[in-house]
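[1] Fold the following.
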Amino acid sequence: MSRLRSCTWRGPAGQTLLVVLTIMLAVTVSAGSFIWYMNRQQARAGLRYRTVAALSLAQAGVRRALAVFEGTAPDGSPGRLWRPVGYEEVVAAGSLGGGFRLTVTPERDGAVVVTSDGTAGGVTRRLRARVYLASPALLAGVSAAGSVQVGAPSGAVTIVAYAAPADRPWVHIAAATEVWFFTADFPLNDAAAALPAGPVDLLPGASAGAGAADPVQLLLGAEASLALGGDRRPVDPSALRAAGLRVEDPWRPDPFPAIPGVDQDFYRDLAAANSANAEINRQAGELANDPDLRKKPDSFYDAEQFARVVRFLASRTDPPELRGILYVAGRVTIPPDVDLRLADGALVAGNTVKLEEGARFTVSHTAGTRRLPAVLVLGTGGLVLSAHAELLAHGLVYAAQTIEVTPDAGLRVVGAVASNDPGISVRVRGALTVRYDPAVLGTPGLRVAGRAPVTAWAAEWQEEMVQR
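    Numbers count the residues shown, from 1 in each chain. Okay, the predicted model is just below:
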């Protein structure tokens, strides 16, 4: 009987047991694989979470630095002077403990480089931002240390709040002492005005006519006045609106934002290193029989040398473009009916720049050079546009003294206009068109005097690998 049972056990029952054992083995292997897979997924998700948290903390560090620059440093000193090395703050990132570590390094062009290391759960991510500490005066399309005088019957003024920083106040005209409208009978921010093209057109959502019909927002000094008419009678904003000028009530900040100065040595060095115009110098020197100009490798000129370069270009039917930073240690005059072009650079002059009747000067930038200024007039010099002359410029147009646009002349800028003359800063009796580009906040080589407030503008952000 026992032998029969043994044989029976090796029959269907044995097969059943074998199947059960096989299934259990398969389940055990599958369960182990599943548990291993889930552990791997959890590890990956945890690393991803910690990595994102670390990057968020690095961003928080950069934003903390921007806030300090515009306010007060942790030790109570002016924020614009804050240059920490290894400054740390502990900040929670969700359920993870962490923080950021900041180092701020000054650069030759006036920028500061903010390096922020964010750490969460043992993971570190690094961001580096290039930040310019600009004068808030550069948040205006036209800014003046003195008075702005506009509105001749034959002229027109269009200042467009285009591509302005979304988180900043923006104004059309900022004047420390006065805004004088010669007449109310002139086009002011005409929606049909033709606007110049420029690097801002490459920005997302670019719209050529955005803001052209907006009322004019003014920013005035505490004691600044508004005036209207040839008799320069004082008026208030409501009187200007009654006369047909679409003007908002002015803002009066205290203190009035200072117009920045220019680091002359910085631009001298750039011009001395600019060899892009060596061939033009050679040909201009041959034409003028000037051996020094013929052998000149750089773009740092005295007034006579640059005049010879301009005469050479004027003699050509298809003249080449000048390129890069030009520094002229003296006065610059562009003769009547001469068409001068400068690409990816700026004209920096030690004295007055004058465009004679019918002259045309074009300074063009690409997206890669849009932070460069267009024209900087230093010393005791101003900018003068004679009748039928035209200056088309990408970038900041700046003068230490008066910017004068005479009747039938035109100043067309994609950027901003600024004058540091405490008397008559800007006088427009011709046409003025400004499409504001916030890249002027990153104009290199500008200096804000003393402990005046600044606005921090991050020109570039990038992530860098952290060396372990």
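[2] so what are the domain limits for this protein?
    Annotated domains of the chain cover 1-37, 54-134+451-468, 136-447 [automatic domain parsing].
[3] most tightly surrounded among those domains?
    domain 136-447 (a mean of 20; mean count of other C-beta atoms under 10 Å). C-beta: built from backbone N, CA, C; applies to glycine.
[4] measure that one end to end?
    With C-alpha to C-alpha, to the nearest Å as the measure, domain 136-447 spans 12 Å from end to end.
[5] Also stretch 134-147?
    Rule used - C-alpha to C-alpha; the end-to-end distance of stretch 134-147 is 22 Å.
[6] Can you give the distance from it to the centre of its chain?
    Relative to its parent chain, stretch 134-147 has a centroid offset of 14 Å by C-alpha atoms, centre = their mean, to the nearest Å.
[7] can you check stretch 375-385 too?
    Distance of stretch 375-385 from its chain centroid, counting by C-alpha atoms, centre = their mean, is 22 Å.
[8] and what of stretch 81-101?
    That offset, for stretch 81-101, works out to 28 Å (C-alpha atoms, centre = their mean).
[9] Please apply the same query to stretch 354-372.
    Centroid separation between stretch 354-372 and its chain, computed with C-alpha atoms, centre = their mean, is 17 Å.
[10] ok so, going back, ok, which of the domains of the chain comes nearest residue 47?
    domain 54-134+451-468 (7.1 Å; C-beta to C-beta).
[11] Contacts for stretch 274-282, please.
    293-299, 309, 312-313, 320, 322-326, 345 (C-beta atoms under 8 Å, 6 or more residues apart in numbering).
[12] need the contact list for residue 51.
    Per C-beta under 8 Å, 6+ apart, neighbours of residue 51: 123, 125.
[13] Out of the contacts of stretch 274-282, list just those in helices.
    Cross-referencing the contacts of stretch 274-282 against helices under DSSP state H gives 293-294, 309, 312-313.
[14] tell me the two of those residues that are most distant?
    Across these (C-beta to C-beta), the longest gap, 15.4 Å, separates 294 and 313.
[15] Report the separation between residue 254 and residue 376.
    Going from residue 254 to residue 376 by C-beta to C-beta, to the nearest Å gives 29 Å.
[16] ok, now residue 89?
    Applying C-beta to C-beta, the value for residue 89 to residue 376 is 39 Å.
[17] could you pull out the strands for the stretch 201-350 of the chain?
    Along the stretch 201-350 of the chain, the stretches classed as strands by DSSP state E, counting those that start in this stretch are 218-220, 225-228, 233-235, 261-262, 300-302, 322-329, 332-334, 339-349.
[18] So which of those strands is nearest residue 247?
    Of all the strands of the stretch 201-350 of the chain, strand 218-220 comes closest under C-beta to C-beta, at 6.5 Å.
[19] helices or strands next to the closest one in the packing?
    The contact analysis (3 or more C-beta pairs under 8 Å, 6 or more residues apart in numbering; DSSP states H and E) places strand 218-220 against strand 171-175.
[20] Just list what the strand it packs on packs against, helices and strands only.
    Contact partners of strand 171-175 among helices and strands, from 3+ C-beta pairs under 8 Å, 6+ apart: strand 140-144, strand 147-150, strand 218-220.
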